[in-house]
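Engineer: Quick one: sequence plus predicted model below, questions after.
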Amino acid sequence: MAKTARKAAGDRAENLALEFLLGKGWRLLDRNWMCVHKELDLVMMGSDGLHVVEVRSRTVPAVIGALDSVDGKKAMKVYLAAMSYVRYHHLGDVCLSLDVVALDFGQGGELLSMELHEGYIRPVFIAGRLSFI
């Protein structure tokens with residue numbers, strides 16, 4: 001897929017995810033927030049706190065699914081960007097959830113599935129090192 005087609009597909013996935021989350025009553029705070037070389041797709045406020053949402057999409061069949069594409073490296077980037085966001089906006093004590101919206105599209109571009117995985121990116125410290133489960 002060419003870069004412009006990939007960007008258009010990503011924008012479409014983000015738009016669909018945003019509509020879905022707004023329908024849950026969440027409020028959009030930022031979209032595509034950048035800090036150095038890190039980006040947050042959607043930053044939303046829900047009744048239970050701040051949600052940083054990574055939007056992932058795939059066209060089926062794919063080698064790996066949208067949700068499985070969030071590996072340790074990507075999780076670390078989202079976590080670091082989320083921490084930068086909290087510090088930059090002086091949010092102090094805030095309940096933070098690092099979420100993923102996974103979308104699967106068919107070969108014709110039709111939406112096959114969209115799932116919200118709240119708290120999917122979970123940082124843990126193992127033997128004093130930051131890791132993700």
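Structural biologist: Great, that's in hand.
Engineer: Can you show me the helices along the chain?
Structural biologist: Remark: helices assigned in the chain by DSSP state H are 3-23, 72-88.
Engineer: how about the ones you listed, which one is nearest residue 38?
Structural biologist: helix 72-88 (3.6 Å; C-beta to C-beta). Heads up, the C-betas are built off the backbone N, CA and C, glycines and all.
Engineer: So what's the gap between that closest one and the chain middle?
Structural biologist: From the chain centre to the centre of helix 72-88 is a distance of 11 Å (C-alpha atoms, centre = their mean, to the nearest Å).
Engineer: Of the helices of the chain, give the one that comes closest to residue 51.
Structural biologist: In terms of C-beta to C-beta, the element of the helices of the chain nearest to residue 51 is helix 3-23, at 7.7 Å.
Engineer: which residues sit against the closest one?
Structural biologist: Contacts to helix 3-23, defined as C-beta atoms under 8 Å, 6 or more residues apart in numbering, come from residues 1, 28, 31-32, 41-42, 44, 51, 53, 55-57, 59, 101, 103, 105, 111, 114, 116.
Engineer: chain center to it: distance?
Structural biologist: Averaged C-alpha coordinates place helix 3-23 at 11 Å from its chain's average position (C-alpha atoms, centre = their mean).
Engineer: Give the full set of residues in contact with the residue nearest the centre of the chain.
Structural biologist: With distances taken as C-alpha atoms, centre = their mean, residue 54 lies nearest the centre of the chain, 0.6 Å away. Residues near residue 54 by C-beta under 8 Å, 6+ apart: 40-41, 70, 74, 78, 98-101, 121.
Engineer: For those, give me JSON lines that also has distance to residue 19, pLDDT and neighbour count.
Structural biologist: Shown next, in JSON lines, are the contacts of residue 54 (distance: C-beta to C-beta, whole Å; pLDDT from 0 to 100; neighbours: other C-beta atoms under 10 Å):
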{"residue": "40", "distance to residue 19": "18", "pLDDT": "96", "neighbour count": "22"}
{"residue": "41", "distance to residue 19": "14", "pLDDT": "97", "neighbour count": "22"}
{"residue": "70", "distance to residue 19": "21", "pLDDT": "90", "neighbour count": "22"}
{"residue": "74", "distance to residue 19": "23", "pLDDT": "89", "neighbour count": "15"}
{"residue": "78", "distance to residue 19": "21", "pLDDT": "93", "neighbour count": "24"}
{"residue": "98", "distance to residue 19": "21", "pLDDT": "94", "neighbour count": "24"}
{"residue": "99", "distance to residue 19": "16", "pLDDT": "95", "neighbour count": "21"}
{"residue": "100", "distance to residue 19": "17", "pLDDT": "96", "neighbour count": "25"}
{"residue": "101", "distance to residue 19": "11", "pLDDT": "97", "neighbour count": "26"}
{"residue": "121", "distance to residue 19": "22", "pLDDT": "85", "neighbour count": "22"}
